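Enquirer: quick one, structure for this:
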Amino acid sequence: FFFFFFFQAEDGIRDVERSRGLGDVYKRQDAILIRQSEFQRIKDSTKIVGRQQELEEKQRLRIAREKEREAAEPLKQRMKELDIRKAKKVPLSLFQQCENESLLEKARKAADESLDEVKNMNTLIHYAKCAAIREKQLAEAKELEKLKKEDNKKMAMLMEIERLKAIKLYEENERARMQSQKQGISQS
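Expert: The predicted structure follows:
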């Protein structure tokens, strides 16, 4: 089975020429073809619920929730009784006591951290730490610059010594050459 749907134009949305009846309207519109199963699915999913049915459904859900709570109440009581028995039977070990104290201390600290005064103090402490680190970095930078200048002075001194040695060697070579020239001239 197939169903055909025709969508009629809304009032006021017509062609300029006068309508000649329903045939003209259907000629202008697109038809949609769907299967019967799809039509049934759409039909089933669109249920119109009246005010009375809606109230009845809410009442039914409320009663179901209350029944679930009532059914869970004995289990809840039993669990509480078991916890009480367990607490009475087994004293806390030293480790558990320390762990509980540690948890309490953490909880107190977390509660303190949420106070505005503590937040302000923490901000100041963090700023002081940052300032100390920055000062240390600046001091290191100055020290590195000082070491670099000293290294540059040493290198300049070594280069000057090497330059003077080269000049002295050149002068000695020049004297020896001049000496050999003088000897060469005097022997001729």
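
Enquirer: just say helix, strand or coil for Val49.
Expert: At Val49 the chain is in coil, as set by DSSP: H, G, I helix; E, B strand; the rest coil.

Enquirer: could you pull out the strands for this protein?
Expert: For the chain, applying DSSP state E gives strands covering 2-6, 31-35.

Enquirer: hey, least reliable of those strands by pLDDT?
Expert: Among the strands of the chain, strand 2-6 carries the lowest mean pLDDT, a mean of 53.

Enquirer: what about the helices in this structure?
Expert: 22-28, 36-45, 51-89, 94-113, 116-187 (DSSP state H).

Enquirer: save these as JSON lines, and put in mean neighbour count and mean pLDDT too.
Expert: Glycine gets a C-beta too; all of them are placed from N, C-alpha and C. Compiled in JSON lines, these are given as follows (neighbours: other CB atoms under 10 Å; pLDDT from 0 to 100):
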{"stretch": "helix 22-28", "mean neighbour count": "11", "mean pLDDT": "53"}
{"stretch": "helix 36-45", "mean neighbour count": "10", "mean pLDDT": "83"}
{"stretch": "helix 51-89", "mean neighbour count": "10", "mean pLDDT": "87"}
{"stretch": "helix 94-113", "mean neighbour count": "10", "mean pLDDT": "73"}
{"stretch": "helix 116-187", "mean neighbour count": "10", "mean pLDDT": "91"}
